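S.K.: Sequence and predicted model, in that order:
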Amino acid sequence: MRFDLLGARRKGLRAARRIAADAPSVEVEVRRGPRVQSFTQELLFDEADLKITLQVLDRAFVPVHVDGSTTLRPGSMLVWYLFPGEPYEIGAFYHRSGAFQGHYINLIRPPTFAPGRWVVEDLYLDVWAPAEGAAKLLDGHELEAAVAAGEISSREAGEVTARGVELLATARSGRWPPKLVRRWPAELVPALRRRRDHRGTYHAAKVSGRIIAYGLYVMGAVSLTSIAFAGLTDAFAAPGPAQETWKLTLAAEALLLAPLALAGRLPATFWPRPPLVDERSLFVATLASGLAVLGLNARADWSGVLVPVYATLGLFSVIFAVCRAWFDRRVPVFALAGVATMIVALWFLV
């Protein structure tokens with residue numbers, strides 16, 4: 001399983017580097033005293049409490065040393081997390097090989113946003129939390145020089161320093177980065193793009209994936225609970241209190257796991273991975289299975305197996321139909337066709 005997860009992570013990182021020419025972008029103007037730089041970044045996530053952009057450094061980028069062991073160079077990938085109203089932004093830095101290098105925290109004035117153009121005023125002091133090693137403050141000497149040059153007041157410099165020390169302590173305590181940053185690492189950039197461009201498909205696939213995960217968790221709970229009851233009680237020897245307790249325990253586990261899985265609180269449901277299915281492929285699977293049902297000579301013999309399979313395919317088709325209609329404001333033709341095929345197949349089976 002570990003290798004499968006690592007493979008999915010590498011695949012996500014490779015896909016993240018490929019930025020489409022027509023991808024939504026934003027011009028980010030960074031002001032650091034009299035110096036002004038402008039960067040074009042892909043806009044991945046744009047909500048009231050969080051904005052996420054992607055920056056892949058091109059060949060013209062001049063290598064920059066972050067600390068003694070980390071260098072940004074052409075091919076490096078930077079995922080920026082900007083929190084409206086907050087006095088900092090966070091950058092997740094990745095080597096061009098895909099290796100995570102660390103989190104870079106810029107202390108800033110609360111940013112301003114205009115359509116297609118954002119302005120970030122950098123206040124010199126930064127916190128660097130490398131992937132390996134202790135977090136540290138950077139560019140304190142630049143903050144002192146800015147005060148001496150009159151670019152920033154002593155009062156504001158004192159506030160920036162206090163904030164930097166506080167963030168440094170948070171980073172060193174292991175309570176960093178914030179939850180929203182941990183939720184969207186670089187390998188999930190393809191999922192962010194799907195969420196941005198095809199919200200209906202994204203949410204439908206997420207819900208479907210959580211339902212599948214719920215089923216797997218229930219199967220695991222049933223297996224472990226049954227083994228425990230078989231070894232410690234006579235629940236399977238004869239009807240009685242032990243058997244009733246076993247059934248009640250299974251029902252309680254199923255009821256407890258359902259809201260946790262659907263809310264994404266269980267480990268297998270934490271991350272909204274890039275969806276592996278859409279309504280077209282789901283319709284094709286439903287249609288192929290339906291044709292197989294119609295071709296069976298002894299459909300009644302297969303109904304015990306195929307009814308739950310078709311009920312599941314139908315449920316997923318309904319989820320896709322609702323999500324596509326709600327989020328994308330489109331008529332979900334393929335999803336509705338899948339639902340119709342499922343109904344016909346179930347009618348023949350039952």
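M.R.: Yep, that arrived.
S.K.: Tell me where the chain has helices.
M.R.: For the chain, the helices defined by DSSP state H occupy 2-17, 140-148, 154-172, 179-183, 189-197, 199-232, 241-262, 279-295, 299-327, 333-349.
S.K.: With respect to residue 88, which of those helices lies nearest?
M.R.: Residue 88 lies closest to helix 154-172 among these, at 6.8 Å (CB to CB). Where you see a C-beta, it was placed from the backbone N, CA and C, and this is true even at glycine.
S.K.: Show the pLDDT at residue 29.
M.R.: For residue 29, the pLDDT comes out at 95.
S.K.: Tell me the spacing between it and residue 114.
M.R.: Using CB to CB, to the nearest Å, we find residue 29 at a distance of 10 Å from residue 114.
S.K.: go on, residue 68?
M.R.: Distance of residue 68 to residue 114, given as CB to CB: 38 Å.
S.K.: Pick out whichever of the two has more residues nearby.
M.R.: residue 114 (10 against 7; other CB atoms under 10 Å).
S.K.: Output the below-cut-off pLDDT ranges for the stretch 201-350 of the chain.
M.R.: 271-276, 293-294, 296-303 (pLDDT under 70).
S.K.: Compare the helices of the chain and report which one is nearest to residue 102.
M.R.: Comparing the helices of the chain by their distance to residue 102 (CB to CB), the top pick is helix 154-172, with 9.8 Å.
S.K.: And the closest one, what's buried?
M.R.: Residues 157, 160-161, 163-164, 167-168, 170-171 are the ones in helix 154-172 that count as buried (16 or more other CB atoms under 10 Å).
S.K.: Could you do stretch 217-231 as well?
M.R.: For stretch 217-231, burial by neighbour count (16+ other CB under 10 Å) applies to 217-218, 221, 225, 229.
S.K.: which residues sit in contact with the residue of the chain most remote from its centre?
M.R.: What lies farthest from the middle of the chain is residue 238; by CA atoms, centre = their mean that is 47.8 Å. Residue 238 sits next to no residue when contact means CB atoms under 8 Å, 6 or more residues apart in numbering.
S.K.: any idea how far residue 244 is from it?
M.R.: 12 Å.
S.K.: what's the answer for residue 165, then?
M.R.: Here the criterion is CB to CB. By it, residue 165 lies 60 Å from residue 244.
S.K.: now residue 73
M.R.: Applying CB to CB, the value for residue 73 to residue 244 is 66 Å.
S.K.: Over to residue 225?
M.R.: In terms of CB to CB, residue 225 sits 14 Å off from residue 244.
S.K.: Ok, residue 111 next?
M.R.: Noted for residue 111: a distance of 61 Å to residue 244, by CB to CB.
S.K.: between the two, which one's more packed in?
M.R.: A direct count of neighbours by other CB under 10 Å for residue 111 and residue 244 places residue 111 higher, at 20 against 11.
S.K.: Now for residue 208: which residues touch it?
M.R.: Neighbouring residues of residue 208 by CB under 8 Å, 6+ apart: 277, 316, 319-320.
S.K.: Format the residues you listed as CSV; extra columns: neighbour count and distance to residue 55.
M.R.: Listed next are the contacts of residue 208 as CSV, based on neighbours: other CB atoms under 10 Å; distance: CB to CB, whole Å:
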residue, neighbour count, distance to residue 55
277, 15, 31
316, 26, 36
319, 20, 35
320, 29, 33
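S.K.: Looking at the residues you listed, point me to the pair that's furthest apart.
M.R.: Pairwise distances across those (CB to CB) peak at 11.0 Å, for the pair 277 and 319.
S.K.: ok, the closest residue in space to residue 164 that isn't next to it in sequence to residue 215 distance?
M.R.: For residue 164, ignoring the flanking residues on the chain, the nearest one in space by CB to CB, 6 or more residues apart in numbering is residue 125 at 4.7 Å. Residue 125 sits at a distance of 50 Å from residue 215 (criterion: CB to CB).
S.K.: so for stretch 110-127, what's the average pLDDT?
M.R.: For stretch 110-127, the mean pLDDT works out to 92.
S.K.: Pull out the buried positions in that stretch.
M.R.: Buried positions in stretch 110-127, judged by neighbour count with 16+ other CB under 10 Å: 111, 118-127.
S.K.: any idea which of the residues you listed is the one closest to residue 46?
M.R.: Nearest to residue 46 out of these is residue 118 (CB to CB; 10.4 Å).
S.K.: Am I right that the closest one is in contact with residue 112?
M.R.: Yes: when contacts are counted by CB atoms under 8 Å, residue 118 is listed as touching residue 112 (7.0 Å).
S.K.: So what touches stretch 148-157?
M.R.: Stretch 148-157 is contacted from outside by 33-34, 123-124, 143-144, 146-147, 160, using CB under 8 Å, 6+ apart.
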